[in-house]
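Enquirer: Dropping the sequence and predicted coords here.
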Amino acid sequence: MRTLLRLSLAIASVQAFGLAANVAEAAPRYRLVDLGALGAFDGGQYDQSFGVSINESGQVAGYNLAGGTVSRGFYTVGASMLGVPGNGSYANSLADINELGLSAGSHHVQDNQFIHGFTYDGTTTTDIGSPNVTNDAQGLNNLGDVTGNSSLGPGGSIAYVLHDGVVSNLSSVGTGRYTQAYKINDAGQVIGRAGINPQDTYHAIIWQGAGYTDLGTLGGSLSWGFDINSLGHATGMASTAGEAQHAFLWRDGAMIDLGPALSAGGGSGLNDLDQVVGIGAGVSTLWSGGQMYDLQTLLVNPEAGVLMDVRDINNRGQIVGTALVDPATGFRHAVRLDPVGVPEPATWSLMILGFGAAGARVRNRRTARI
């Protein structure tokens with residue numbers, strides 16, 4: 001009986017390892033979830049929505065459009081889409097949402113003459129900015145720190161971090177004048193770009209405290225950093241020796257070329273598994289485990305919409321973006337792509353460890369009885 005049990009466990013372990021290998025090799029599949037639009041809200045009719053950010057709970061943030069111009073930010077709670085009220089005709093939009101459901105974005109102020117960054121907790125809008133100055137909010141971490149940019153006139157900006165109510169400008173790089181920030185992780189690392197010379201040739205930069213790291217390029221002159229994960233790994237776009245634009249993944253001090261498939265927008269979203277999403281030549285794309293996938297071909301319900309853009313991915317593998325959902329009207333909606341069909345790699349790892357632990361316990365009991 002003990003021999004039969006041990007054999008059964010061994011077979012189960014082998015099968016688990018085999019299945020895990022098959023999972024690693026198989027292309028992932030996704031179900032497209034249409035998040036809808038706000039509809040009648042805050043004095044307008046908002047029929048189109050655009051997904052920008054997703055947190056680990058699957059909450060999505062972005063913005064809606066009314067008549068193709070006036071916008072209102074939105075965030076989701078469960079299956080509901082909730083809007084961020086404006087002030088009359090003043091527009092707003094959301095760029096990021098953290099694990100507490102706090103969101104950050106930008107809104108028009110002072111009779112629509114200026115733009116300020118702001119945070120929104122579902123009830124209260126907190127302005128980030130000074131009178132007669134334009135700035136925005138691009139990134140938000142789970143500590144409530146915000147990063148964004150203040151305008152320095154045409155073509156120029158200076159990046160900032162808001163921490164404990166205090167705004168600090170990020171350091172310039174080399175002899176460059178301009179800096180631009182996009183996202184911030186819980187360690188306070190900020191990803192963005194900065195001019196590195198008087199001509200403001202841009203390089204992707206990670207700032208932390210008073211210091212920074214220039215991520216370099218793929219052999220060309222330029223790079224941009226768009227997202228950073230909790231490990232300090234980053235993604236974005238960089239030029240090659242021939243000045244072609246490729247997406248990259250930066251980790252362990254090196255920039256990895258992800259190829260030209262994301263050349264239209266680079267890597268826009270990155271999770272802690274180093275999965276990268278972005279847009280290239282009209283194709284919404286996922287890079288995972290060294291493979292590049294056209295996400296439209298991975299949908300189990302492609303009739304639900306045609307992907308136009310993907311912007312972010314969480315550690316559960318959920319992806320947020322925008323899809324054409326009504327060809328007759330041309331309306332687009334924010335969408336969430338939920339993984340389906342196979343357990344996540346972390347789940348298989350736990351199962352395999354469980355099989356191993358069970359086998360060890362059986363062996364120990366047998367040894368004790370001899």
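Expert: Perfect, I can see it now. Computed from a prediction, not measured in an experiment: that's the story for all the values here. Numbers count the residues shown, from 1 in each chain.
Enquirer: Going by C-alpha atoms from here, please, whenever you check contacts or count neighbours.
Expert: Will do.
Enquirer: residues touching the residue nearest to Pro302 when sequence neighbours are not counted, list them.
Expert: In space, and not counting its chain neighbours, Pro302 is closest to Gln296: 6.8 Å by C-alpha to C-alpha, 6 or more residues apart in numbering. Shown in contact with Gln296 (C-alpha atoms under 8 Å, 6 or more residues apart in numbering): Val283, Ser284, Pro302, Val306, Leu307.
Enquirer: Now tell me what touches stretch 68-84 from outside.
Expert: Contacts with stretch 68-84, where a contact means C-alpha under 8 Å, 6+ apart, come from 35-38, 41, 59-65, 85-86, 89-94, 103, 105, 120, 122.
Enquirer: Return the subset of the residues you listed lying in strands.
Expert: The strands, defined by DSSP state E, take in 41, 60-65, 92-94, 103, 105, 120 from these.
Enquirer: Is Tyr90 in contact with Asn112, as I believe?
Expert: Yes: assessed by C-alpha atoms under 8 Å, Tyr90 is found in contact with Asn112 at 6.2 Å.
Enquirer: And the two? Which one has more around it.
Expert: More neighbours surround Tyr90 than the other of Tyr90 and Asn112, with 18 against 12 (other C-alpha atoms under 10 Å).
Enquirer: Could you give the number of residues near Gly67?
Expert: Using other C-alpha under 10 Å: Gly67 sits among 12 other residues.
Enquirer: From Ser171, how far off is it?
Expert: According to C-alpha to C-alpha, to the nearest Å, Gly67 stands 40 Å off from Ser171.
Enquirer: quick one: the strands in the stretch 51-200 of the chain?
Expert: For the stretch 51-200 of the chain, applying DSSP state E, counting those that start in this stretch gives strands covering 60-66, 70-77, 80-83, 92-97, 103-109, 114-120, 125-128, 135-140, 146-151, 157-163, 166-169, 179-184, 190-195.
Enquirer: quick one: the last one to strand 179-184, angle?
Expert: Here strand 190-195 runs at 170 degrees with respect to strand 179-184, directions being taken by axes from the mean of the first three to the mean of the last three C-alpha atoms, to 10 degrees.
Enquirer: right, and the helix or strand after strand 190-195?
Expert: strand 202-208 (DSSP states H and E).
Enquirer: Show me what that following strand packs onto, helices and strands only.
Expert: strand 190-195, strand 211-214, strand 219-228 (3 or more C-alpha pairs under 8 Å, 6 or more residues apart in numbering; DSSP states H and E).
Enquirer: So which of those is the most surrounded?
Expert: Mean neighbour counts were compared across the helices and strands packed on strand 202-208 using mean count of other C-alpha atoms under 10 Å; the top stretch is strand 190-195, at a mean of 29.
Enquirer: quick revisit: can you flag the buried ones in the ones in strands among the contacts of stretch 68-84?
Expert: Val60, Ala61, Gly62, Tyr63, Asn64, Leu65, Asn92, Ser93, Leu94, Ser103, Gly105, Tyr120 (16 or more other C-alpha atoms under 10 Å).
Enquirer: Redo those residues as a markdown table? Include pLDDT.
Expert: Output for those, formatted as a markdown table (pLDDT from 0 to 100):
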| residue | pLDDT |
| --- | --- |
| Val60 | 98 |
| Ala61 | 98 |
| Gly62 | 98 |
| Tyr63 | 98 |
| Asn64 | 97 |
| Leu65 | 95 |
| Asn92 | 96 |
| Ser93 | 97 |
| Leu94 | 98 |
| Ser103 | 98 |
| Gly105 | 97 |
| Tyr120 | 97 |
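Enquirer: Would you check how far apart the closest residue to Ala254 other than its chain neighbours and His116 are?
Expert: Spatial nearest neighbour of Ala254, excluding adjacent residues (C-alpha to C-alpha, 6+ apart): Leu215 at 7.8 Å. Distance, Leu215 to His116, using C-alpha to C-alpha: 29 Å.
Enquirer: domain ranges for this protein?
Expert: 1-26+345-370, 30-341 (automatic domain parsing).
Enquirer: ranking those domains by mean pLDDT, which is last?
Expert: The minimum mean pLDDT among the domains of the chain belongs to domain 1-26+345-370 (a mean of 41).
Enquirer: Looking at Leu215 and His116 now, which is surrounded by more residues?
Expert: Remark: of Leu215 and His116, His116 carries more neighbours, 25 against 21, as counted by other C-alpha under 10 Å.
Enquirer: Could you check how far that one is from Gly330?
Expert: Taken as C-alpha to C-alpha, the span from His116 to Gly330 is 31 Å.
Enquirer: just Gly225 next, same as before
Expert: 32 Å.
Enquirer: Check Met308 too.
Expert: With C-alpha to C-alpha as the criterion, Met308 and Gly330 are 12 Å apart.
Enquirer: Thr126 now?
Expert: Taking C-alpha to C-alpha, one finds Thr126 at 34 Å from Gly330.
Enquirer: neighbour-wise, which of those two wins?
Expert: Neighbours per residue (other C-alpha under 10 Å) separate Thr126 from Gly330, with Thr126 holding more: 12 against 9.
Enquirer: Next, the buried residues of stretch 172-184.
Expert: For stretch 172-184, burial by neighbour count (16+ other C-alpha under 10 Å) applies to Ser172, Val173, Gly176, Arg177, Tyr178, Thr179, Gln180, Ala181, Tyr182, Lys183, Ile184.
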